[in-house]
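Student: Okay, sequence plus prediction incoming.
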Amino acid sequence: MNKEFVPRITSFLCKWCSYTGADLAGTSRLQYSASIIPIQVMCSSRVDPVFLLKAYLSGSDGVLLGGCHPGDCHYETGNYHTRRRFAIVREVFESLGLESDRLRLSWISASEGPKFARIANEFTEEIRLLGENPTRKSIFL
Amino acid sequence: MRAKVGVYICECGPNIAEKVDIDGIIAGLSEFDGFGETELVVKKYGFLCSKSGREFLEEEIRNLGLTHLVIGACSPRDHDSTFKGVCGRTDLNPYLYRIINIREHCSWVIDDVEKATEKAESYLRGGIARVLRQSELFENPIDVNPDVLVIGGGVAGMQAALSLAAEDRRVSIVERSDRLGGRALELSGLSSGTFRGSDIAAGQVESVMGNPYIDVFLNTGVSSVIGFLGNFVIELLSDEDGATTEISSGAIIAATGCAVYDPSLSGSYNYSDRDDVYNPLEISRMLSSEGGVALRSGGRPENIALVHCAGRDELNYCSGICCGVMMKTALLLKESIPGVDITEFYRDICVPPHEGRQLYESVLEAGVDLVRVESAGLSGTTVSFREKSGVEDQRSFDMVVTAPALIPSPDTADIALLLGIPLDDTGFFQEAHRMTDPSGTTTDGVFIAGTSQGPRGILDSMRFARASAGLILTRLIIGEKLVPEVAVSEILEAYCTGCGNCLEVCVYGAIYSDGSKGVSVVNEAICRGCGNCFGSCPSGALRTKHFTNTQLYREVDEALR
C-alpha cells in the first residue's frame, strides 16, 4: 500500500438536517475529506439497520448516519427510533465480530456546516487508523 | 427496451468546472462498462438551470430518446424541482431522473482536483446505477375543499375565521359554550389604555355574526373527524339536543383556548372561599361591576398583596403573561381604590420587551412595593415568603390576588385525539415544529392557534391565528388541485404479518390495521414518506416508493466500486 489510503465512508444524511448541514459546509467552502459518500434519506429513521450492514459489506470503510438533534426531528420522533435502532446495530456488529467503531451516529442540524466538516474529518481519521474494511478482501457471507 | 441514460454535468460557471475535471469524468464514464447493455450519453453544459440549459436538456431528452436522466450539479434544494420540471415538459417521467450534488459535496469542499474528480465520478456512477432502478410514478392531483372549520370561538378562532372570510373562504366556527368571545370578554375590567382586549373581542363577535361567509355553531362540540388535508368530514354534536350535523372542510384550525389553574391545589396556597383571595379574572369582574372591588365583609381593602407564579413549581413552566397581567391589575386597583397599598411578591419579571418595560415603569411610579422572593405561600390572606436574600417573613393583608398559571382547557386531550395531533409535555397542543412550523401540526391540514398551544396573550393569540389562516390560504387555493406526496410507503399484503409495529412508529397515523385481512395498510393520502415504518418492519413487507432497497443497494455498490 504505497498509495495514500483514502477511506470510503457511506453517509446516510437526513434531508432536513444533516444533508442540509453538509450543503452548508459546501456553501461555506469548508474543506473536508473526500471520503464522504453522501446518500440523502428523508429521515434518519428511514435507515433500516440492514442498510448499515449492507453499506459495510459492500466495502465501506466506515458508515456515518446523520440525523436531526433529538427533539428537532422533522417527523417528530424519527431520530429517537434511529437512536435505538443504531444501538442495536452496534451490538449486532460486535456479536458478529465486526468492528462497531466503523459505525457512527451524529446529530447535525441544518445550521451546523462546521460540525459536519469536523465530524467528516474526525471520523475519517478514526477510520484511517482502523485501516481498510477487512471484509473487502475476504469472502464474507 | 435498452436503457439510455443521459448524464449531464453542469459546470455551474467556475463553481464546478474549476475544481472537478469534468472532461475526465466524461471520458471515464463513457469508457465505463459496468452498466451492461445500458447506453450512456455523457455531456457537460455551462449552466443547466438557465433557460438555455433547460431547453438544451429538453431537446436532448426528445432527440436522443433518453429513458433516464442524471444531472450532476448542485444541491437538490436548489434545482431538483427545476429539472423535474424539465422532465415534465417532455415524455420522460420525472421519477426517472436524479440529481447528483457534485457542487456542495465535491467541488466546494475538496481542494484537491484529483480527489474531487474521483469522488464526483463515483458519486455519479452511484446515481446512474440508482436511476436505472427507479420506476415511473404518477402524481394524482385531487380536488380540494377550500372551506375551513374552526374549533373554538375565542379571539384566536374568531380572528382566523375573519382572516379567512376576508379572502372569500367559507368558515364554520364550533363553540362549546353559549357565546363567542372566549376568555378575552371576561377581561373587560382589566382592559385599559389604547389596547382593550375585551373591546377587540366584542368587535370580533359583531363582525363574525354579521359575516355571510361564517357559520357559527354554539353549544356544540366535535364528535368525529375523518379525512386529510383538502378533504375532511367532521361530525358536530349539539350539546343542547344531541343532534349531529355533518360538515366538510379542507382544513381545520383548533383554537380551543385554555383554563386557569386552581392555586389551592398546590400545597403552599391554603385558603378557602371565605378568604379574600382572588385571581385576576375575578378582580376584572369586580372592577367592571357597579360595586367595584370590595371585601367579602363589604368594606374596601386598605392593602392588597399580589402574589405571582401560582402553580409554577407544580406545573414546571412559566406562563409568561401573568407578570404583565399582575402589573396591570396593580395599576387598576391603585386607580380604583384611592390610597390602597399594594405589594407585589414576584420571582422574576417576565414581560414582553416594549409594552412590558412601560408597564414596569408605571408600576414603580405608582408606588407599588415590589418584593422579590424565592418562594411564597398563603394561609388565608397572610403571605409567607422567603426573600432572595434568604430572609423568611410573613405579612397579613386585607386581600390577596394570585397569578395562577394557564393550563390546557379540559377538553384539549379529547380534541387532540380526534384530530390525531400530539400534546406537548405541558398538555397543550404540540406544533409540528417549534421553529420551522409553529402553526402546523403532525396532521397535515390541522392547524393550531391561540392559547390551546400554550399560554399567550390576546395579541399573540391573534397573530398565531392569522398565521394559521395564511397557511391555509396558501396551501388550499380555490380552483387548484393538491398533489399528494408520491414517494410514500406501501405494505405488501403477502409479507405483512399484521404485527402493528409500523402503526406504533407512525406519528401521522397514516397506517391502519385491516382486521379482516390481518394486515396493516398505508393511507397514501396521509403518508409523508419519512420511512420510519420501514425500519420497524420485521417481515420485509414495507416498501418506500422512489426509495427501494434495490435502488439504495445499487447506488452504494456502484459508488464504492
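Tutor: Noted; the coordinates are in hand.

Student: in chain A, which spans are helices?
Tutor: Secondary structure of chain A by DSSP state H: the helices cover A:18-27, A:49-57, A:78-95, A:113-130.

Student: And the last one, how far out from the chain middle?
Tutor: It stands for helix A:113-130. A distance of 10 Å separates the centroid of the chain from that of helix A:113-130, by Cα atoms, centre = their mean, to the nearest Å.

Student: buried stuff in it?
Tutor: Under the neighbour-count criterion of 16 or more other Cβ atoms under 10 Å in any protein chain shown, helix A:113-130 has A:113, A:115-121, A:123-124, A:127-128 buried. Every C-beta, even on glycine, is put in place using the N, C-alpha and C of the backbone.

Student: how about the most centrally placed residue in chain A, what does it touch?
Tutor: Centroid-nearest residue in chain A: A:Leu64, 0.5 Å away (criterion: Cα atoms, centre = their mean). Residues counted as contacts of A:Leu64 (Cβ atoms under 8 Å, 6 or more residues apart in numbering or on different chains) are A:9-13, A:36, A:104, A:106, A:119-120, A:123.

Student: same check, this time on B:Tyr512
Tutor: Counting by Cβ under 8 Å, 6+ apart, B:Tyr512 touches B:503, B:520-521, B:523.

Student: how far away is it from B:Ala251?
Tutor: From B:Tyr512 across to B:Ala251, the span is 22 Å (Cβ to Cβ, to the nearest Å).

Student: who's in contact with stretch B:550-561?
Tutor: Contacts of stretch B:550-561 (Cβ under 8 Å, 6+ apart): A:8, A:10, A:37, A:39, A:51, A:54-55, A:58-60, B:34, B:122-123, B:125-130, B:132-134.

Student: what pairs with the helix or strand hosting B:Ala403, and is each one parallel or antiparallel?
Tutor: Using DSSP states H and E, B:Ala403 maps to strand B:399-404. Its sheet considered, strand B:399-404 pairs with strand B:277-278 (parallel), strand B:303-310 (parallel) by DSSP bridges.

Student: Now tabulate these in JSON lines and tack on mean pLDDT, distance to B:Gly181 and mean neighbour count.
Tutor: What follows is the strands paired with strand B:399-404, written out as JSON lines (pLDDT from 0 to 100; distance: least, Cβ to Cβ, whole Å; neighbours: other Cβ atoms under 10 Å in any protein chain shown):
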{"stretch": "strand B:277-278", "mean pLDDT": "96", "distance to B:Gly181": "22", "mean neighbour count": "20"}
{"stretch": "strand B:303-310", "mean pLDDT": "96", "distance to B:Gly181": "25", "mean neighbour count": "25"}
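
Student: From the contacts of stretch B:550-561, list just the buried residues.
Tutor: Among these, those buried by neighbour count (16+ other Cβ under 10 Å) are A:8, A:10, A:37, A:39, A:51, A:54-55, A:58-60, B:122-123, B:125-130, B:132, B:134.

Student: Chain B next: which of the buried residues of helix A:113-130 are close?
Tutor: The subset of those within reach of chain B, counting by Cβ under 8 Å from any Cβ of the partner chain, consists of A:Ala117.

Student: between the buried residues of helix A:113-130, which is nearest chain B?
Tutor: Nearest to chain B among the buried residues of helix A:113-130 is A:Ala117, at 7.3 Å by Cβ to the nearest Cβ.

Student: List the contacts of B:Phe56.
Tutor: When contacts are counted by Cβ under 8 Å, 6+ apart, B:Phe56 touches B:45, B:48.

Student: For A:Ser44, see how far away it is.
Tutor: 37 Å.

Student: Quick check: the nearest residue to B:Phe32 once chain neighbours are set aside vs B:Glu490, distance?
Tutor: Once flanking residues are discounted, B:Phe32 sits nearest to B:Arg125: 7.0 Å by Cβ to Cβ, 6 or more residues apart in numbering or on different chains. Distance of B:Arg125 to B:Glu490, computed by Cβ to Cβ: 29 Å.

Student: Tell me, how many residues neighbour B:Ser264?
Tutor: B:Ser264 has 17 neighbours, counted by other Cβ atoms under 10 Å in any protein chain shown.

Student: any idea how far B:Tyr278 is from B:Tyr269?
Tutor: Remark: distance between B:Tyr269 and B:Tyr278 (Cβ to Cβ) = 12 Å.

Student: Show me whatever sits in contact with both of these two.
Tutor: Listed as contacting both B:Tyr269 and B:Tyr278 by Cβ under 8 Å, 6+ apart are B:Thr402.

Student: how many other residues sit next to the residue of the stretch 101-250 of chain B found nearest chain A?
Tutor: Using Cβ to the nearest Cβ, the single residue of the stretch 101-250 of chain B nearest to chain A is B:Glu104, 2.9 Å away. Applying other Cβ under 10 Å, we find 26 residues neighbouring B:Glu104.

Student: quick one: the spatially closest residue to it that is not a sequence neighbour from A:Val50, how far?
Tutor: Ranked by Cβ to Cβ, 6+ apart and with sequence neighbours excluded, the top spatial neighbour of B:Glu104 is A:Gly26, at 2.9 Å. Applying Cβ to Cβ, the value for A:Gly26 to A:Val50 is 29 Å.

Student: of those two, who's got more company?
Tutor: A count of neighbours by other Cβ under 10 Å puts A:Gly26 above the other of A:Gly26 and A:Val50, at 24 against 15.

Student: Return the per-residue confidence for that one.
Tutor: pLDDT recorded at A:Gly26 is 94.

Student: That one and B:Ser75 touch, don't they?
Tutor: Yes. If you go by Cβ atoms under 8 Å, A:Gly26 and B:Ser75 touch, sitting 7.4 Å apart.

Student: Find the residues that touch each one of those two.
Tutor: Common neighbours of A:Gly26 and B:Ser75 (criterion: Cβ under 8 Å, 6+ apart): B:103-104.

Student: ok, now which ones touch B:Met209?
Tutor: B:Met209 neighbours (Cβ under 8 Å, 6+ apart): B:180, B:216.

Student: and the residue nearest to B:Glu104, what does it touch?
Tutor: With contacts defined as Cβ under 8 Å, 6+ apart, A:Gly26 is in contact with A:113, B:75, B:103-105, B:108-109.

Student: in the stretch 351-500 of chain B, what residue is nearest chain A?
Tutor: Closest point on the stretch 351-500 of chain B to chain A, by Cβ to the nearest Cβ, is B:Thr442, at 5.7 Å.

Student: Run a quick check on that residue versus B:Asp424, I expect a contact.
Tutor: No. Applying Cβ under 8 Å, one finds B:Thr442 not in contact with B:Asp424, separated by 11.8 Å.

Student: Identify the contacts common to these two.
Tutor: Joint contacts of B:Thr442 and B:Asp424 (Cβ under 8 Å, 6+ apart) are B:Gln430.

Student: More neighbours: the two, which one.
Tutor: Neighbour totals were compared for B:Thr442 and B:Asp424, and B:Thr442 leads with 22 against 14 (other Cβ under 10 Å).

Student: thinking again about what came up before, report the backbone C-alpha coordinates of the helix or strand encompassing the residue nearest to B:Phe32 in CSV.
Tutor: Per DSSP H and E, B:Arg125 falls inside helix B:113-133. Presented in CSV, the C-alpha positions along helix B:113-133 are these (Å, rounded to 0.1, in the frame of the first residue of the first chain):
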residue,chain,number,x,y,z
VAL,B,113,-8.8,18.4,-8.1
GLU,B,114,-7.9,14.8,-8.4
LYS,B,115,-9.7,13.7,-5.3
ALA,B,116,-12.7,15.9,-6.0
THR,B,117,-13.0,14.4,-9.5
GLU,B,118,-12.6,10.9,-8.3
LYS,B,119,-15.4,11.4,-5.7
ALA,B,120,-17.7,13.1,-8.2
GLU,B,121,-17.2,10.3,-10.7
SER,B,122,-18.1,7.5,-8.2
TYR,B,123,-20.9,9.6,-6.8
LEU,B,124,-22.3,10.0,-10.4
ARG,B,125,-21.8,6.2,-11.1
GLY,B,126,-23.9,5.5,-8.0
GLY,B,127,-26.6,7.9,-9.3
ILE,B,128,-26.7,6.2,-12.6
ALA,B,129,-27.0,2.8,-11.0
ARG,B,130,-29.8,4.0,-8.9
VAL,B,131,-31.7,5.8,-11.5
LEU,B,132,-31.8,2.6,-13.5
ARG,B,133,-33.7,1.0,-10.7
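
Student: Good, wrapping up.
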